[in-house]
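K.L.:
Here is my input; please provide its structure:
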Amino acid sequence: MQPDDPFPDPVPIPIQDVLDLHSVSPRDVKAVVEEYLSEANRLGFKALRIIHGRGIGVQREMVRAILAGTPYVTSYGDAPAEAGGWGATIVTLL
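P.N.:
Next comes the predicted model:
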């Protein structure tokens, strides 16, 4: 990266079964979730948890719209209370 480069190099993030979106900028949520799902699927994960927070539900709806349009997502829904309740979504992949 050059000092005046407006686009810094991507930072690799290890793929785990939990993605916490609290540190992701709202404008980047869609791209991050799509890439996360793609990589998790490629790596053979079957169950995931995406933490989007409770708030007013904007990120929750954005995440669920992405999940609804992803062909290898078989189901999704609120996490159990001990895993975040409606502040997180549990995802099942093919």
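
K.L.:
what about residue 77, neighbour count?
P.N.:
12 (other CB atoms under 10 Å). Heads up, the C-betas are built off the backbone N, CA and C, glycines and all.

K.L.:
What does it show for phi and psi?
P.N.:
In terms of degrees, to the nearest 10, the main-chain angles of residue 77 are phi -180, psi 180.

K.L.:
ok, it touching residue 89?
P.N.:
Yes. Counting by CB atoms under 8 Å, residue 89 is a contact partner of residue 77 at 6.9 Å.

K.L.:
For residue 75, pull up the helix or strand it's in.
P.N.:
In this structure, residue 75 is located in strand 73-78 according to DSSP states H and E.

K.L.:
pLDDT below threshold where in this structure?
P.N.:
Residue ranges of the chain with pLDDT under 70: 1-5.

K.L.:
For the closest residue to residue 80 other than its chain neighbours, give me its contacts.
P.N.:
Excluding its sequence neighbours, the residue lying closest to residue 80 (CB to CB, 6 or more residues apart in numbering) is residue 90, at 7.8 Å. Residues in contact with residue 90 (CB atoms under 8 Å, 6 or more residues apart in numbering) are 47-49, 76-80, 83.

K.L.:
ok, back up a step: show me what the strand holding residue 75 is packed up against.
P.N.:
In this structure, strand 73-78 makes packing contacts with helix 58-68, strand 88-93, judged by 3 or more CB pairs under 8 Å, 6 or more residues apart in numbering; DSSP states H and E.

K.L.:
The last one: partners in the sheet, and parallel or antiparallel?
P.N.:
To tie it back to what came earlier, the one meant is strand 88-93. strand 47-51 (antiparallel), strand 73-78 (antiparallel) (DSSP bridges).

K.L.:
tell me the most buried of those?
P.N.:
strand 47-51 (a mean of 19; mean count of other CB atoms under 10 Å).

K.L.:
how distant is that one from the center of its chain?
P.N.:
Taking CA atoms, centre = their mean, to the nearest Å, one finds the center of strand 47-51 at 7 Å from the center of the full chain.
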